[in-house]
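Undergrad: Here is my input, please return the structure:
(one chain, ligands or ions: 2)
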Amino acid sequence: MERRSFLKGLAVTGAAIGATGVGPFISKGLAARNLENIGECKSVKITCVSETSWFDSPRMLQDIKDAGGAMVCHYDIPWTQSNLGGYVALIEVEQLDGSKHTIQLDTGWDQGWTDYVMEKSGLDSLLNNKKVDALVMSHEHEDHFFGLKSTLKRYPNITMVIPNTFYPEGKLMLAGKYKNDKAKVNNDVPHKGELVEVGPDKIYKMYPGVAAKMFDIPIMLRTRGEQCLIFNIKDKGVATVTGCCHMGLLTMLNWAARNVEGYKPYACYGGLHIAAFENWDPKFDDIIRGAKKIGLQKMGCNHCTGWIWAQKAHDMGLPIVLGTQKYKEYKKLPTTGPGAKDNVYLRNGDVMVL
Ligand SMILES: [Fe+2]
Ligand SMILES: [Fe+2]
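TA: Ligands and ions are numbered 1, 2, ... in the order given. Now for the predicted structure:
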């Protein structure tokens, strides 16, 4: 096609778009973007009940490889039981009027380990006394969900907030009707409280300054959808709390920046699923560059972030909050990190106040 007729064609198409109103719709749509007003809270305290979902990363990776790879369903993998821990966080929110809300994020994996860390952190008595307002499930992955019974046997009527993409096995777990001898996962305590299922099209506002945002994404080991918690903290800014962050740190933060009314970058906490098995990929450098551009003030990393990434991010000037040595008081220790000068993870027993 000659340049002249190509340009002529463009002009005709442009006119057609104008005639059908698509052109004005685009500019009007951009101007009228609906920002989410999630309100404000006063402060947020996050306790790392457990971030060690597995104690030895090569062992975890080998289990997946032996079962056929990352596309195999997590309910079909004979996991090495002695390697299992689980992910649980306890979040205490202070509202502007002084009232408080308590949220549990995720339910761990191995029930013995989950019971142990619940007792050690005090979450155990909060559940027994019905003082946890909501149990938010980040996603259905084994290390965040298979320990469900440890929570439900203490508080079966707890309000649960889950992504609306759980598979049938997950639904049976919630119903207290699941037993799987291969992956060694079971739950016979039915959930009896309110169940909120969050989809990707609407942010779920929980309390003033607190919301859950679900991303409908495919995840390894046949899991779908992950939600993060978003906090808007007065005079400080927006903090995100994640389980694994399979949606990607930059995707999540950029979504918050574009959609949360009055967004100011402030903090993040949780697993960031970057170098989950301590591998390295040059694109991990780009995540560091992207995070620098966003300009958070505090980054609490652990779990599947990858020690190697957290260390490099720290060395390159990202505001990684250093952990304490408290995790050494726990009966089992992770194999990554020990011996390093700085603890670049917020580990079991550590607390982050925002
Ligand atoms: Fe995880
Ligand atoms: Fe995960």
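
Undergrad: contacts and neighbour counts: CA atoms only from here.
TA: Will do.

Undergrad: can you pull the contacts of residue 184?
TA: When contacts are counted by CA atoms under 8 Å, 6 or more residues apart in numbering, residue 184 touches 78, 79.

Undergrad: mind listing the helices for the stretch 51-200 of the chain?
TA: 57-67, 111-121, 123-128, 142-145, 148-152, 168-175 (DSSP state H, counting those that start in this stretch).

Undergrad: Which one, of those, ends up nearest to residue 79?
TA: Taking CA to CA, helix 57-67 is the member of the helices of the stretch 51-200 of the chain nearest to residue 79, at 6.0 Å.

Undergrad: buried residues in that closest one?
TA: Neighbour counts over helix 57-67 (16 or more other CA atoms under 10 Å) mark 57, 60, 63, 64, 67 as buried.

Undergrad: Could you save the residues you listed as JSON lines and add columns showing pLDDT?
TA: Shown next, in JSON lines, are the buried residues of helix 57-67 (pLDDT from 0 to 100):
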{"residue": "57", "pLDDT": "91"}
{"residue": "60", "pLDDT": "94"}
{"residue": "63", "pLDDT": "97"}
{"residue": "64", "pLDDT": "96"}
{"residue": "67", "pLDDT": "96"}
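
Undergrad: Out of the helices of the stretch 51-200 of the chain, which gets nearest to residue 260?
TA: Closest among the helices of the stretch 51-200 of the chain, once you apply CA to CA, is helix 142-145, at 26.5 Å.

Undergrad: Show me what the closest one is in contact with.
TA: Here helix 142-145 makes contact (CA under 8 Å, 6+ apart) with 53, 74-75, 84-88, 106-110, 137-139, 243.

Undergrad: try 6 Å this time
TA: Here helix 142-145 makes contact (CA atoms under 6 Å, 6 or more residues apart in numbering) with 53, 86, 87, 106, 107, 108, 109.

Undergrad: What average pLDDT does that helix get?
TA: On average, the pLDDT along helix 142-145 is 98.

Undergrad: ditto for stretch 99-107
TA: Per-residue scores along stretch 99-107 average to 98.

Undergrad: so how far is that stretch from its chain's centroid?
TA: Chain-centre distance of stretch 99-107: 14 Å, with CA atoms, centre = their mean, to the nearest Å.

Undergrad: Offset the numbering so it begins at 21, please.
TA: With the count now opening at 21, the last piece we talked about shows up as stretch 119-127.

Undergrad: Using CSV, write out every CA atom in it.
TA: Taking Å, rounded to 0.1, in the frame of the first residue of the first chain, the C-alpha atoms of stretch 119-127 are listed here in CSV:
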residue,chain,number,x,y,z
SER,A,119,-11.4,0.9,67.8
LYS,A,120,-9.5,-2.2,66.6
HIS,A,121,-9.9,-4.9,64.0
THR,A,122,-7.9,-8.1,63.9
ILE,A,123,-7.3,-10.0,60.7
GLN,A,124,-5.6,-13.4,60.2
LEU,A,125,-4.0,-13.8,56.8
ASP,A,126,-3.8,-17.5,55.7
THR,A,127,-3.9,-20.8,57.6
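
Undergrad: Now that stretch: buried residues?
TA: For stretch 119-127, a neighbour-count test (16+ other CA under 10 Å) marks 120, 121, 122, 123, 124, 125, 126, 127 as buried.

Undergrad: and what of stretch 67-78?
TA: Residues of stretch 67-78 classed as buried: 67, 68, 69, 70, 71, 72, 73, 74, 75, 76, 77 (neighbour count, 16+ other CA under 10 Å).

Undergrad: what sits against the fifth one?
TA: In this structure, residue 71 makes contact with 107, 323, judged by CA under 6 Å, 6+ apart.

Undergrad: Need the pLDDT of it.
TA: For residue 71, pLDDT reads 97.

Undergrad: Quick check: it vs residue 265, distance?
TA: Per CA to CA, to the nearest Å, residue 71 is found 13 Å from residue 265.

Undergrad: where exactly do the strands run in the stretch 271-374 of the chain?
TA: Taking DSSP state E, counting those that start in this stretch to define them, one finds strands in the stretch 271-374 of the chain at 285-291, 318-322, 371-373.

Undergrad: on that earlier part again, which ones among the buried residues of stretch 67-78 lie within strands?
TA: Assigned to strands by DSSP state E, the following of the buried residues of stretch 67-78 qualify: 67, 68, 69, 70.

Undergrad: Could you list the residues in contact with stretch 337-345?
TA: Contacts of stretch 337-345 with the rest of the structure, by CA under 6 Å, 6+ apart, involve 317, 318, 319, 320, 334, 363, 364, 365, 366.

Undergrad: And the furthest pair within those?
TA: Greatest spacing in the contacts of stretch 337-345, by CA to CA: 317 and 363 (18.0 Å).

Undergrad: Return the residues in contact with residue 368.
TA: By CA under 6 Å, 6+ apart, the contact set of residue 368 is 68, 69, 70, 347.

Undergrad: Does the first one touch residue 369 like I think?
TA: Yes: contact criterion CA atoms under 6 Å: residue 68 and residue 369 qualify, at 5.4 Å.
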